[in-house]
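# everything below, folded, please.
(chains A, B, C and D)
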Protein chains: 2
Amino acid sequence: MEMIDEIDLKILRILQVDAKRTAKEIAESLHMTASPVYERIKRLEKRGFIKKYVALLNKKQLGKHVSAICMVSLRYHNEGFIDTFEKQIKELKEVQECYHMAGKVDFFLKIHLKSLEGYHEFVRTKLSKIDNIGVLESYFVLKEISHGTEFDI
Amino acid sequence: MEMIDEIDLKILRILQVDAKRTAKEIAESLHMTASPVYERIKRLEKRGFIKKYVALLNKKQLGKHVSAICMVSLRYHNEGFIDTFEKQIKELKEVQECYHMAGKVDFFLKIHLKSLEGYHEFVRTKLSKIDNIGVLESYFVLKEISHGTEFDI
DNA sequence: GATGAAAAATCCACTTT
DNA sequence: AAAGTGGATTTTTCATC
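Purely as a prediction, here's the structure:
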């Protein structure tokens, strides 16, 4: 796989902030014409640098008033138990993100729900059904200081 | 502000997974024509349900091999100290996300860097310069089980 | 990387239901 | 009030230089 150059990086920096910018607009800000920029974008997509394009929604407006970060430690750590846990977590649509961590905590989960009561119900009826969970600690988001999807490239 | 209907929700569900779907394609899957779908999308943008469109990049391919979640507790919790901390954190481009939490930990940070050594440097030269930090605990991501941007709507 | 042209999508005014 | 029609404009896409 060949390397990426500074022009590609500039294109990526623009698109990860605003995917609606057209090849033509990007070309202008780079003092180029639309075609090479278009070809570069297609190449960046094909080579996997751009994974996908998504719309970011306003979660408050859509009724998700509570965000929580949940730290989970498993009781048993055999391969099978970890795989099972991962599969079960992926089924839960409330869990937007899940990371397997190094250290005394096994997993971090980011969860969005409509209310604290909804969170209670979620833990009661779904998380608690996953029976290999040893320790479960919930932290609630008071304020999102920053929550971008961009990387510093 | 008026309510959103089931058609709007369907449009949002599609766009938060794939923002490149055209109004025409979405219209087909909803058994409509392009115009009303187009108008609905514009309205959803205008009313703020859609915040923005972004390209999601492949961080590994772009050299971000280490992700960490950092738990920070402040030493002093006066209004001024918290505001200052928030401002200082926002300046750090390595910090992709930062949440002010309820509970014994004040902030969660999500940080991406190119290596463990880079993380060491980041903590040494940047985080440690923020002098109201009382406790700092770092957890490293071993595996991303799921890391979507979608909400369950 | 640029040019130019065909195909497709966006965008908007207008009509219909 | 919301969906359809049609058409001008812009963008995407691709062949060629």
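# got the phi and psi for the nearest residue to A:M32 once chain neighbours are set aside?
Leaving aside its sequence neighbours, A:M32 sits nearest to A:I7 (CB to CB, 6 or more residues apart in numbering or on different chains; 7.8 Å). The C-beta positions use only the backbone N, C-alpha and C, and glycine is treated the same way. With angles defined as degrees, to the nearest 10, A:I7 sits at phi -70, psi -40.
# for A:I7, what are its contacts?
Neighbouring residues of A:I7 by CB atoms under 8 Å, 6 or more residues apart in numbering or on different chains: A:30, A:32, A:40.
# flag the shaky bits of chain A, pLDDT-wise.
Chain A contains residues with pLDDT under 70 at A:1-2.
# which strand in it has the most residues?
The longest strand of chain A (DSSP state E) is strand A:133-147.
# just checking: what are the partner strands of that strand?
Here strand A:133-147 has these sheet partners by DSSP bridges: strand A:66-74 (antiparallel), strand B:95-102 (antiparallel).
# A:F151: which of the ones you listed is closest?
strand B:95-102 (6.9 Å; CB to CB).
# tell me how far that closest one lies from the chain's centre.
10 Å (CA atoms, centre = their mean, to the nearest Å).
# counting neighbours, which bits of it end up buried?
For strand B:95-102, the neighbour count (16 or more other CB atoms under 10 Å in any protein chain shown) marks B:95-101 as buried.
# one step back: got TSV for the strands paired with strand A:133-147, with distance to B:T22 too?
As requested, the strands paired with strand A:133-147 are arranged in TSV below (distance: least, CB to CB, whole Å):
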stretch	distance to B:T22
strand A:66-74	32
strand B:95-102	30
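# re the thing from before, quickly check the buried residues of strand B:95-102 for the two that are furthest apart.
Maximum pairwise distance among these (CB to CB): 16.5 Å, between B:Q96 and B:M101.
# any idea what the residue sitting nearest the centre point of chain A is bridged to?
Per CA atoms, centre = their mean, the C-alpha nearest to the average position across chain A is that of A:E97, at 5.8 Å. Here A:E97 shows beta-bridge partners A:K110, B:H147, assigned using DSSP bridges.
# these two touch, right, it and B:G148?
Yes - between A:E97 and B:G148 a contact is recorded at 6.8 Å, counting by CB atoms under 8 Å.
# out of the strands paired with strand A:133-147, nearest to DNA strand D?
Counting by CB to the nearest atom of the strand, DNA strand D lies closest to strand B:95-102 out of the strands paired with strand A:133-147; the figure is 26.2 Å.
# may I have the closest one as CSV, with CA atoms only?
C-alpha atoms of strand B:95-102 as CSV (Å, rounded to 0.1, in the frame of the first residue of the first chain):
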residue,chain,number,x,y,z
VAL,B,95,-8.4,14.7,22.9
GLN,B,96,-11.2,13.6,20.7
GLU,B,97,-13.9,13.5,23.4
CYS,B,98,-14.2,15.0,26.8
TYR,B,99,-17.2,14.6,29.2
HIS,B,100,-17.8,16.2,32.5
MET,B,101,-19.2,13.4,34.7
ALA,B,102,-21.3,13.0,37.8
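# make sure A:I4 is indeed in a helix.
No - counting by DSSP: H, G, I helix; E, B strand; the rest coil, A:I4 is not found in a helix; it is coil.
# and the contacts of A:I7, which of them are in helices?
A:R40 (DSSP state H).
# which one of the buried residues of strand B:95-102 is nearest to DNA strand C?
Checking these one by one against DNA strand C (CB to the nearest atom of the strand), the nearest turns out to be B:Q96, at 28.5 Å.
# for the closest one, give me its contacts.
B:Q96 sits next to A:146, A:148-151, B:110-112 when contact means CB under 8 Å, 6+ apart.
# kindly indicate which of the residues you listed lies nearest A:L127.
The closest of those to A:L127 turns out to be B:K110 (CB to CB; 21.5 Å).
# and that closest one, how far from DNA strand D?
Going from B:K110 to DNA strand D by CB to the nearest atom of the strand, to the nearest Å gives 30 Å.
# you'd agree that residue is up against B:V95?
Yes - at 7.2 Å, B:K110 counts as touching B:V95 under the criterion of CB under 8 Å.
# neighbours of the nearest residue to A:K10 once chain neighbours are set aside, just the number please.
Distances taken as CB to CB, 6+ apart put A:L30 closest to A:K10, at 6.1 Å, once the chain neighbours are dropped. Number of residues near A:L30 (other CB atoms under 10 Å in any protein chain shown) recorded here: 16.
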